[in-house]
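# Pasting a predicted model and its sequence here:
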Amino acid sequence: FEDYILALIFLVIICPVLLIVGLAVKLDSQGPVFFLQNRTGWGGKTFRIWKFRSMYVHQPETGKLQQAQKNDPRITRVGAFIRKTSLDELPQIFNVLSGDMSLVGPRPHAVQHDAEYSQRISDYFARHNIKPGITGLAQVRGLRGETEDIEKMAQRIESDIEYINNWAIWLDISILFRTITAFSGKNAY
């Protein structure tokens, strides 16, 4: 109930921003406005996450999914700005309204990353015991963006599990407010 009411209110507020960013993405480079990618959600169910496209259209290497890196040449000019400000994440409001995501919860990783990290981090799949979120405890703690080493990903997973074990509406509200100040930063690229 919290997700649907807040998501509808949020959608009304951000509608002009969605239109402006969508137009900027379209004018900046060829390709679709949105980027859709399979992610693993609640109970291991796969869903398609919505994001504004921030990279040039390209074919990834077979079987390998590369995380975006600092100064990544695949990122467009508009893409760099919307990634830095996290505006590329705004279309996920539609994932919340469709019931695949929550406003707050563990950030969903690409399916290929789930396969890799579940082999290397114990209790990794515990994060799928609730709906994934647009923002989460790990993100407001600065554990976002590229994970250069397994320790950083392990810290993110620890925060996800801590959130799950201590869930409360007040915690969600706190994370939503903290997200405003954590909206951009050194790990956003």
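That came through fine.

# Can you list the low-confidence ranges for this protein?
Across the chain, the ranges flagged by pLDDT under 70 are 59-69, 182-189.

# which other helices and strands contact the biggest helix by length in it?
When the chain is parsed with DSSP state H, its longest helix is helix 2-28. Judged by 3 or more Cβ pairs under 8 Å, 6 or more residues apart in numbering; DSSP states H and E, helix 2-28 is in contact with strand 46-52, helix 77-84, helix 93-97, strand 102-104, helix 169-181. For glycine as for every other residue, the C-beta is placed from the backbone atoms N, C-alpha and C.

# Hey, what's the angle from the first one to helix 2-28? Just curious.
In terms of direction (axes from the mean of the first three to the mean of the last three Cα atoms, to 10 degrees), strand 46-52 departs from helix 2-28 by 50 degrees.

# helices and strands around strand 46-52, which ones?
The contact analysis (3+ Cβ pairs under 8 Å, 6+ apart) places strand 46-52 against helix 2-28, strand 34-40, helix 93-97.

# just the CA coordinates of the shortest one, formatted as PDB?
Written as PDB, here are the backbone C-alpha positions of helix 93-97 (Å, rounded to 0.1, in the frame of the first residue of the first chain):
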ATOM      1  CA  ILE A  93       8.600   3.900 -10.700                       C
ATOM      2  CA  PHE A  94       6.800   1.800 -13.400                       C
ATOM      3  CA  ASN A  95       8.400  -1.300 -11.900                       C
ATOM      4  CA  VAL A  96       7.000  -0.300  -8.500                       C
ATOM      5  CA  LEU A  97       3.500   0.300  -9.900                       C
END
